[in-house]
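A.B. asks: Output the structure for:
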Amino acid sequence: MGPPLTGKPGCFFSFVVAALIFLSPSANAQSGQKWTVDSALGMMDAAARDFRTLTANVEHIKYTDVVKDTSKESGQMWLRKKDDKMRIEFSHPDPRTILRTGDNLAIYNPKINRIEEYNLGKNRALVDQYLELGFGTRTENLKKSYEIAFDGEQDLRRDALADQQGAGLD
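C.D. replies: Numbering: from 1, shown residues only. Below you'll find the predicted structure:
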């Protein structure tokens, strides 16, 4: 990877993730133009206007420096913009479900049959900054919270990826 998209609060995000989601490599290849930060952000703004839903496999990696421990959990995420709903279901290593509707957040832990409920209230903007990074968020808001750098272009066509890996993709 290259230069990270670093948040002023200290979190690190890769600009490539947002570019993978919102940018069409075929559009760039056809026009012959080279991407810049501004052109990529412009395409993200255009895509944000039409953004409705998202389904993705997710992996949450937590590192605790004091004890030098890394833990990972994986699952799926669903996001629907129109009614401000989000659901994350972690399935490995331990099942856990996170639901968000507007200002309300609920975390269900089936092992102990417990639901923790939170009202995001005045902290909603801060939560949105992390949960909706690049998913319909206007780039002017991203620029306020993150230093954005461009890491270059990658060919995301199936045949190009297969050539790089030396095998076909299913």
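
A.B. asks: Please count neighbours and contacts with C-alpha atoms only from this point.
C.D. replies: Noted.

A.B. asks: which helix is the longest one in the protein?
C.D. replies: helix 37-50 (DSSP state H).

A.B. asks: Give me the buried positions along that one.
C.D. replies: Residues 40-41, 44-45, 47-48 are the ones in helix 37-50 that count as buried (16 or more other C-alpha atoms under 10 Å).

A.B. asks: hmm, which two among those residues are most spread apart?
C.D. replies: Largest separation among the buried residues of helix 37-50 by C-alpha to C-alpha: A40 and A48, giving 12.2 Å.

A.B. asks: pLDDT below threshold where in this structure?
C.D. replies: Along the chain, segments meeting pLDDT under 70 span 1-33, 125-136, 156, 158-170.

A.B. asks: redo that, cut-off 90
C.D. replies: Scanning the chain for pLDDT under 90 picks out 1-56, 58-62, 77-86, 100-105, 118-170.

A.B. asks: follow-up on the earlier one: can you redo the buried residues of helix 37-50 as JSON lines with distance to T64?
C.D. replies: Output for these, formatted as JSON lines (distance: C-alpha to C-alpha, whole Å):
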{"residue": "A40", "distance to T64": "34"}
{"residue": "L41", "distance to T64": "33"}
{"residue": "M44", "distance to T64": "33"}
{"residue": "D45", "distance to T64": "35"}
{"residue": "A47", "distance to T64": "36"}
{"residue": "A48", "distance to T64": "34"}
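
A.B. asks: immediately after the longest helix of the chain, which helix or strand?
C.D. replies: Counting by DSSP states H and E, the element after helix 37-50 in chain order, helix or strand, is strand 53-64.

A.B. asks: okay, now Y108: neighbour count?
C.D. replies: Neighbour count of Y108, defined by other C-alpha atoms under 10 Å: 17.

A.B. asks: That one sits in which helix or strand?
C.D. replies: Per DSSP H and E: strand 104-109 holds Y108.

A.B. asks: what angle do whichever helix or strand comes after that strand and strand 104-109 make?
C.D. replies: For strand 104-109, the following helix or strand on the C-terminal side (DSSP H and E) is strand 114-119. Inter-element angle recorded for strand 114-119 and strand 104-109: 160 degrees (by axes from the mean of the first three to the mean of the last three C-alpha atoms, to 10 degrees).

A.B. asks: For strand 114-119, list every residue counted as buried.
C.D. replies: Under 16+ other C-alpha under 10 Å, strand 114-119 has no buried positions.

A.B. asks: Can you read off the backbone torsions of the residue nearest to T36 when sequence neighbours are not counted?
C.D. replies: Nearest residue to T36, sequence neighbours excluded (C-alpha to C-alpha, 6 or more residues apart in numbering): F150, at 6.8 Å. With angles defined as degrees, to the nearest 10, F150 sits at phi -100, psi 130.

A.B. asks: Okay then, goodbye and thanks.
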